[in-house]
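**Q** Okay, predicted coordinates and the sequence, questions at the end:
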Amino acid sequence: MSSTPRKVALVTGASGGIGKAIAECFARDQVDLIISARNESALNQIAADWKVRYGINVTVITADLAKPDGADTLHRNVKQQGLSVDYLVNNAGYGSFGVFSDSSLETELGMMTTNMTALTVLSKRFLPDLIARRGRLMNVASTAAFQPGPYMAV
C-alpha cells in the first residue's frame, strides 16, 4: 500500500444527478470524497455504498447553499475536520420556471445565492488549497444559464 495520501475531491450537489455521477467518477479513480448536498439521508447511503465498493474515505457534510451563510458554513466544516481539497466541483444549483410576478422572492434569491454566490465563495475559500496542492476547480452550469427563455426571468 502506498504511503502517499490520496487526493480529496469536494463535490456539491452530490446527492443525485450530475453531481453524484461526477463524484462516482472520482470514487472509481480512488480519490477520497467530501460529498455535500441538503439531503443527508441520500448522502449517507451513497457514502456507505462507495466506502465498501471503492474502498475510499467518504465524508458527508450537509449544506444548504441557498442560505446566505451556506458556503462559508460548508468551508468551515471541511476545515474543522482537518480536510484539504485537491478538486472542487461546484455542481449544486437549480432553476425556477414560471411567471415572475407569481414566483416566490425567497425561491429566486435562494437560486441566485446557490448558483452565483455560493459558487464564488467556495471557489475563493478553497483556492489556497487548490493552488498549494496543484488542484483543479470545475464549475458545472446548465446551458439554460447562457440564453434567455420564457418563464425564466432570473
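**A** Happy to help now that I have it. For clarity, every value in this text was computed on a predicted model and none was experimentally measured.

**Q** quick one: residue 13 and residue 118 touch, right?
**A** No: between residue 13 and residue 118 there is no contact under CB atoms under 8 Å: 10.2 Å. Where you see a C-beta, it was placed from the backbone N, CA and C, and this is true even at glycine.

**Q** got any residues that touch both of these two?
**A** residue 92 (CB atoms under 8 Å, 6 or more residues apart in numbering).

**Q** And residue 86, how close does it get to residue 131?
**A** Per CB to CB, to the nearest Å, residue 86 is found 11 Å from residue 131.

**Q** ah, wrong one, I meant residue 88
**A** Applying CB to CB, the value for residue 88 to residue 131 is 12 Å.

**Q** repeat for residue 33
**A** Going from residue 33 to residue 131 by CB to CB gives 21 Å.

**Q** Mind checking which of these two has more residues around it?
**A** Just comparing residue 33 and residue 131: by other CB atoms under 10 Å the higher neighbour count belongs to residue 33, 27 against 9.

**Q** where in this structure is pLDDT low?
**A** Within the chain, the ranges that satisfy pLDDT under 70 run 1-3.

**Q** dump the residue contacts of residue 16.
**A** By CB under 8 Å, 6+ apart, the residues touching residue 16 are 37, 39, 42.

**Q** Can you say which of those are buried?
**A** When the contacts of residue 16 are checked for burial by 16 or more other CB atoms under 10 Å, the buried set is 37, 42.

**Q** Going by distance to residue 69, which of the contacts of residue 16 wins?
**A** For the contacts of residue 16, the residue nearest residue 69 by CB to CB is residue 37; the value is 16.7 Å.

**Q** Next one: that closest one from residue 134, what distance?
**A** Distance, residue 37 to residue 134, by CB to CB: 27 Å.

**Q** next one: residue 96
**A** 38 Å.
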